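**Student:** Make a model of this:
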Amino acid sequence: MQKNTTELYNIWLKNAAADPDLIAELKSIEGSPEEIDDRFYTELEFGTAGLRGVIGAGTNRMNYYTVCRATQGLADFLNAHFDNPSCAIGYDSRIKSDYFSKEAAKTLAANGVKVYIFEELEPTPCLSYAVRRFKTQGGIILTASHNPAKYNGYKCYDHNGYQMTDEEAAETYEFIKKVDYFTGIKTMDFDKAVSEGLIEFMGQDVIEEFLDEVQKQCVNPGICEKAGLSVIYTPLNGTGNKPVRRVLERIGVKDVFVVPQQEEPDGNFPTCPYPNPEIRQAFELALKAAETHEADILLATDPDCDRVGIAVNNKNGGYELMSGNEVGVMLLDYLLSQKQRRGELSANAVAAKSFVSTDLAQKIAEKYGCTFKNVLTGFKYIGELITQLEEQGRAGDFVMGFEESYGYLAGTHARDKDAVVGSMLICEMAAYYKAQGKTLLQVMQDIYDEFGYYCNTVKSYEFDGAAGMKIMQGIMDGLRACAPQQLGGSPVVYSADYRSGETVDLAAGKKGKTGLPVSNVLAYKAQDGSGLIVRPSGTEPKIKAYITAIGATLADAQAKAQELERQAAEIMKAEA
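**Tutor:** Okay, here's the model as predicted:
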């Protein structure tokens, strides 16, 4: 049972000596009830996304004790299920990621769990690859993806190389809750653990093997060099700098200008407070560089290099950002068309996306006779699909999977989204179409002309503080009690509650099942094809609304989308 915040504060002030930064912080908030409450009113909850929170002192923060308590629980879980278990560990450029990774390694080693740890920071997909490469029973990556600098996170992977399933995470969390922050964590000297073989460094040969697997996903080898593609790239002070540049060099992209202010790892993200390739602000310095280094495309990868965004030269003196849905659709069309052209497209080809991503992808897949799967949000569900295909001897049937939040994976080398392979294929695709005299903007226009205009937008509504979670719960409860009857003026004809697993098809007058795992998500579709999906974030105090509008023209689709955005905002305001 959670003690009151003042009591917890005093316990931490007395015992949190392992990290002097924590004691200094705790002393600085003495006599400040609000500051104390914010740090201790709850514990960082361990779920399928692991832990994520602000770096600092307290049970509601990322620090030595919360990280090592989680690791102790993970060690107990692994030891309960496996004989002589092992675990791979990676980390990104965030503040204290390297420190947390080594402390986690020490705790695992002290519990007899063999650790494979990277020599330096590496992308998240490299950790996914390493789990499978070393046949470990688990994996840990220290990252908070695209969050601001004050955040860090701790993700756990299972032996398949994707993030833990709900059941595994729930069981691990039960072990974690039994661990006392100050007396329950085992540890040992790092160098001693290395000398005893309990901790082993993974060398650059592992990264080269990873890049070999990435490069195998090329469908037009040599096209980049022939087309003379020019690229401006920013790793946003994260992990992508070396591997992305290395793979682009391998496939013949010679003209790569790296944004100098964002080249080297820096967890403070001094020039980009929100290192998220989904937003234009992340491209500001790349756009500035384009004024003197004109390029065909601009690439930006997030700090742990599992997501990539692009901006494309519109040949009118500017660059236009393309959405994750658009890039996912183009990549799918490119891979399917080129595999078909080369006679390499399997008759049983499979592609996948998260169910909140654009339905246009399904239309593309149908064109090429490719089976299409919709899965819950969370790339582990795409990872599970790949594993199922592999178990059936059909790994080669997997074409690609994507999420609208700029995550893509082609190949089966990783079971998580991979901005290294994503960056490579985007550049290859851009080079292929450049050789035909087309930009990616023109390619996307051709797709819209063929299938109709799909306007997909995502709106986020933040609810900070201790009251935020209650407000979010109230919004979801309110929608379940009183669902919208229309979207943008068009009557709702279908709804799905992924928590209960029930669907209602009003047009057919029948109920059904989603056929997907339980998730706190609500979805509605209207007669004109409009769609609204409402999903609380599992890692941040926000609710996301995924909006779909389909029109005969771009203006028509955009107008419908704006009306749906207004409706979503009213729903959030009314319930909040």
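
**Student:** List the residues that contact residue 332.
**Tutor:** Listed by C-beta atoms under 8 Å, 6 or more residues apart in numbering, the contact set of residue 332 reads 351, 361, 364-365, 399-400, 402. Every C-beta, even on glycine, is put in place using the N, C-alpha and C of the backbone.

**Student:** Pick the one among those closest to residue 259.
**Tutor:** Distance to residue 259, by C-beta to C-beta, is smallest for residue 402 among the contacts of residue 332, at 25.1 Å.

**Student:** And the closest residue in space to the closest one that isn't next to it in sequence, how close does it get to residue 244?
**Tutor:** Excluding its sequence neighbours, the residue lying closest to residue 402 (C-beta to C-beta, 6 or more residues apart in numbering) is residue 328, at 3.6 Å. Distance from residue 328 to residue 244, counting by C-beta to C-beta, to the nearest Å: 19 Å.

**Student:** Just give the number of residues close to residue 447.
**Tutor:** 19 (other C-beta atoms under 10 Å).

**Student:** please renumber so the chain begins at 12
**Tutor:** OK, 12 is where the count begins now, so the last one is residue 458.

**Student:** coming back round to it: dump the contacts of residue 343 into JSON lines; add pLDDT as well.
**Tutor:** Formatted as JSON lines, those follow (pLDDT from 0 to 100):
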{"residue": "362", "pLDDT": "98"}
{"residue": "372", "pLDDT": "96"}
{"residue": "375", "pLDDT": "97"}
{"residue": "376", "pLDDT": "98"}
{"residue": "410", "pLDDT": "98"}
{"residue": "411", "pLDDT": "98"}
{"residue": "413", "pLDDT": "98"}
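
**Student:** Just the ones of those residues in helices?
**Tutor:** Using DSSP state H, the members of these that fall in helices are 372, 375-376.

**Student:** who wins for neighbours among those?
**Tutor:** Ranking those using other C-beta under 10 Å puts residue 372 first, with 26 neighbours.

**Student:** So that residue versus residue 236, what's the distance?
**Tutor:** Distance, residue 372 to residue 236, by C-beta to C-beta: 30 Å.

**Student:** Over to residue 23?
**Tutor:** Here the criterion is C-beta to C-beta. By it, residue 23 lies 58 Å from residue 236.

**Student:** more neighbours, these two?
**Tutor:** More crowded of residue 23 and residue 236, by other C-beta under 10 Å: residue 23, with 23 against 13.

**Student:** contacting residues for the more buried one?
**Tutor:** So residue 23 contacts 33, 37, 51, 68-69, 192 (C-beta under 8 Å, 6+ apart).

**Student:** Could you do residue 471 as well?
**Tutor:** Neighbour list for residue 471: 553-556 [criterion: C-beta under 8 Å, 6+ apart].

**Student:** cutoff 7 Å now
**Tutor:** 553, 555 (C-beta atoms under 7 Å, 6 or more residues apart in numbering).

**Student:** avg pLDDT for the host helix or strand of it?
**Tutor:** Element membership for residue 471, per DSSP states H and E: strand 464-473. The pLDDT scores in strand 464-473 average 91.

**Student:** cool, and stretch 308-328?
**Tutor:** Model confidence over stretch 308-328, given as mean pLDDT, is 96.

**Student:** cool, stretch 262-279 as well?
**Tutor:** For stretch 262-279, mean pLDDT is 98.

**Student:** circling back to that earlier point, using CSV, please lay out the contacts of residue 343 together with distance to residue 286.
**Tutor:** CSV is the format used below for the contacts of residue 343 (distance: C-beta to C-beta, whole Å):
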residue, distance to residue 286
362, 29
372, 27
375, 30
376, 32
410, 29
411, 25
413, 20
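
**Student:** so residue 272 sits right up against residue 280, yeah?
**Tutor:** No. Using C-beta atoms under 7 Å, residue 272 makes no contact with residue 280, being 10.6 Å away.

**Student:** Need phi/psi at residue 100.
**Tutor:** With angles defined as degrees, to the nearest 10, residue 100 sits at phi -130, psi 130.

**Student:** got it, and residue 433?
**Tutor:** The phi/psi pair for residue 433 (degrees, to the nearest 10) is phi -60, psi -50.

**Student:** Then residue 303?
**Tutor:** Torsion angles at residue 303 (phi, psi; degrees, to the nearest 10) stand at phi -120, psi -10.

**Student:** what's the neighbour count on it?
**Tutor:** By the measure other C-beta under 10 Å, the count of residues near residue 303 is 7.

**Student:** cool, residue 260 as well?
**Tutor:** 11.

**Student:** does it sit in a helix or strand, and which one?
**Tutor:** Per DSSP H and E, residue 260 falls inside helix 252-261.

**Student:** Identify all contacting residues around that helix.
**Tutor:** For helix 252-261, contacts defined as C-beta under 7 Å, 6+ apart pick out 134, 218, 222, 225-226, 242, 244, 246, 267, 269, 274, 312, 316, 431, 434-435, 438.

**Student:** hang on, the earlier thing: more neighbours: residue 272 and residue 280, which one.
**Tutor:** Comparing residue 272 with residue 280 by neighbour count (other C-beta under 10 Å), the higher total belongs to residue 280, at 22 against 15.

**Student:** quick one: secondary structure of that one?
**Tutor:** coil (DSSP: H, G, I helix; E, B strand; the rest coil).

**Student:** Contact partners for it?
**Tutor:** Residue 280 neighbours (C-beta under 7 Å, 6+ apart): 160, 248, 286.

**Student:** Go ahead and measure how far the helix or strand encompassing residue 299 is from the middle of the chain.
**Tutor:** Here residue 299 sits within helix 295-300, counting by DSSP H and E. Centroid displacement of helix 295-300 relative to its chain, using C-alpha atoms, centre = their mean, to the nearest Å, is 24 Å.

**Student:** got the CA positions of that helix in CSV?
**Tutor:** Coordinates of the C-alpha atoms in helix 295-300 are reproduced here as CSV (Å, rounded to 0.1, in the frame of the first residue of the first chain):
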residue,chain,number,x,y,z
GLU,A,295,14.3,23.8,-38.6
LEU,A,296,18.1,23.4,-38.8
ALA,A,297,17.9,21.0,-41.6
LEU,A,298,15.7,23.5,-43.5
LYS,A,299,18.2,26.2,-42.7
ALA,A,300,21.0,24.0,-44.1
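
**Student:** so what secondary structure elements neighbour it?
**Tutor:** Helix 295-300 sits against strand 241-245, strand 308-312, with contacts defined as 3 or more C-beta pairs under 7 Å, 6 or more residues apart in numbering; DSSP states H and E.

**Student:** Now residue 516: closest residue in space, sequence neighbours ignored.
**Tutor:** Using C-beta to C-beta, 6+ apart, the nearest residue to residue 516 is residue 505, at 5.4 Å.

**Student:** neighbours around the one you found, how many?
**Tutor:** Neighbourhood size, residue 505 [other C-beta under 10 Å]: 17.

**Student:** Packing partners of whichever helix or strand comes after the strand holding residue 471?
**Tutor:** Once strand 464-473 ends, the next helix or strand along the chain (criterion: DSSP H and E) is helix 479-492. Under the contact criterion of 3+ C-beta pairs under 7 Å, 6+ apart, helix 479-492 touches strand 542-547, helix 565-586.

**Student:** quick one: contacts of the longest one?
**Tutor:** Right, helix 565-586. Residues contacting helix 565-586 (C-beta under 7 Å, 6+ apart): 464-466, 468, 470, 472, 485-486, 489, 498-499, 541, 543, 554, 556, 558, 560-562.

**Student:** Kindly check the end-to-end length of stretch 149-167 for me.
**Tutor:** Start to finish, the residues bounding stretch 149-167 are 7 Å apart (C-alpha to C-alpha, to the nearest Å).

**Student:** List the buried residues for it?
**Tutor:** For stretch 149-167, a neighbour-count test (16 or more other C-beta atoms under 10 Å) marks 149-158, 160-167 as buried.

**Student:** Next step: these restricted to strands.
**Tutor:** Using DSSP state E, the subset of the buried residues of stretch 149-167 located in strands is 149-153, 162-167.

**Student:** Show the low-confidence segments of the stretch 412-561 of the chain, by residue range.
**Tutor:** 477, 549-550 (pLDDT under 70).
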